[in-house]
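Asks: Take this sequence and fold it.
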Amino acid sequence: MKTRILLVDDHKILRDGICSLVKGYDDMEVVGEAADGRTAIRLVQELSPDVVIMDISMPDLNGIDATRKIIADHPNVKIIALSMHYDKQFVSEIFKAGASGYLIKDSAFDELEHAVRIVMDGKTYINPQIASLVVESLVNQTTPSNRKAFSLLTEREREVLQLISEGKSTKQIATDLHVSAKTVESHRRQVMGKLNIRNVAELTKYAIREGLTSV
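Replies: Reported below is the predicted structural model:
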């Protein structure tokens with residue numbers, strides 16, 4: 001039986017490259033593609049993949065929160081993060097969300113096949129380039145900054161922040177999240193208060209810096 005793979009990345013050229021790679025293996029197949037986290041959640045429900053290759057910084061919903069939602073409903077799905085980030089914050093948060101592996105984009109093609117086989121065997125795969133960050137975090141047990149999005153903001157506040165930073169109006173955000181405009185405005189005020197940020201431009205810079213959205 002072939003391992004069914006869902007590709008989630010907002011760069012089509014990367015998805016095309018991975019598709020070409022996977023075609024070279026008789027026991028793997030790409031069953032679907034998504035360019036954002038919200039579409040990924042829907043396709044996991046529809047396609048029942050074994051493995052999701054998940055970018056972290058994507059429009060509409062970032063890969064960390066998408067991973068958390070997928071694992072909550074489909075705990076047997078294996079998720080391998082595919083990221084350009086070397087920061088231990090991103091490594092830590094994606095594993096907390098339930099990921100089984102972490103790949104750096106510049107080495108993805110060399111390692112992807114190996115990583116898929118490792119996680120399908122019930123093990124965890126970590127790119128050697130960032131493995132030292134994991135060890136350092138375990139040894140030092142450092143407390144994350146209280147200004148970090150994934151420790152300071154709630155999941156819904158992160159969703160609202162991401163959509164604001166991507167230029168969506170209050171009405172659009174309310175429609176996307178199936179809540180009232182009043183609720184969106186309440187979340188906006190809470191986010192600005194927690195972060196001590198007073199304008200959308202600074203919110204956007206913060207969201208990009210924290211990996212909630214791509215540039």
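
Asks: So residue 5 is in contact with residue 27, correct?
Replies: No. Residue 5 lies out of contact with residue 27 (CB atoms under 8 Å); the separation is 11.0 Å. Where C-beta positions appear, they are placed from N, C-alpha and C, glycine not excepted.

Asks: out of the two, which sits in the busier spot?
Replies: Taking other CB atoms under 10 Å, residue 5 and residue 27 do not tie; residue 5 has more neighbours (24 against 11).

Asks: Name the SS class of that one, please.
Replies: Judged by DSSP: H, G, I helix; E, B strand; the rest coil, the three-state class of residue 5 is strand.

Asks: Tell me what it is bridged to.
Replies: Listed beta-bridge partners, residue 5: residue 30, residue 51 (assigned using DSSP bridges).

Asks: Contacts only, for it.
Replies: Residue 5 makes contact with 22, 28-31, 49-53, 116, according to CB atoms under 8 Å, 6 or more residues apart in numbering.

Asks: switch to 10 Å and redo it
Replies: Contact analysis of residue 5 by CB atoms under 10 Å, 6 or more residues apart in numbering lists 18-19, 22, 28-33, 47, 49-53, 78, 80, 112, 116.

Asks: Need the per-residue pLDDT for it.
Replies: What the model reports for residue 5 is a pLDDT of 98.

Asks: Nearest residue to the middle of the protein?
Replies: residue 63 (1.2 Å; CA atoms, centre = their mean).

Asks: quick one: that residue from residue 83, how far?
Replies: Look at residue 63 and residue 83: by CB to CB, to the nearest Å, they are 8 Å apart.

Asks: for residue 29, same thing?
Replies: 23 Å.

Asks: out of the two, which sits in the busier spot?
Replies: residue 83 (24 against 15).

Asks: Retrieve the pLDDT associated with the closest residue to that one other than its chain neighbours.
Replies: Closest residue to residue 83 apart from its sequence neighbours, by CB to CB, 6 or more residues apart in numbering: residue 56 at 4.4 Å. The model reports residue 56 with a pLDDT of 90.

Asks: and the protein, what are its domains?
Replies: Using automatic domain parsing, the domain parsing of the chain gives 3-140, 149-209.

Asks: Do me a favour and get the end-to-end distance for the last one?
Replies: I take that to be domain 149-209. One end of domain 149-209 to the other measures 10 Å (CA to CA, to the nearest Å).

Asks: Need the mean per-residue confidence for that domain.
Replies: In this model, domain 149-209 carries a mean pLDDT of 90.

Asks: returning to that earlier point: deepest of the domains of the chain, which one?
Replies: domain 3-140 (a mean of 19; mean count of other CB atoms under 10 Å).

Asks: chain center to that one, what's the gap?
Replies: 8 Å (CA atoms, centre = their mean, to the nearest Å).

Asks: In contact with residue 2, which residues?
Replies: Neighbouring residues of residue 2 by CB under 10 Å, 6+ apart: 22, 25-29, 31, 50.

Asks: and if we set it to 8 Å?
Replies: 26-29.

Asks: where do the contact lists of residue 63 and residue 83 overlap?
Replies: Counting by CB under 8 Å, 6+ apart, the shared contacts of residue 63 and residue 83 are 55-57, 94.

Asks: And the strands in this protein, which stretches?
Replies: 3-8, 28-34, 51-55, 78-83, 101-104, 125-126 (DSSP state E).

Asks: I'd like to know which elements the fourth one is packed against.
Replies: Other elements packing on strand 78-83 under the criterion 3 or more CB pairs under 8 Å, 6 or more residues apart in numbering; DSSP states H and E are strand 51-55, helix 63-73, helix 88-96, strand 101-104, helix 108-120.

Asks: Noted, bye for now.
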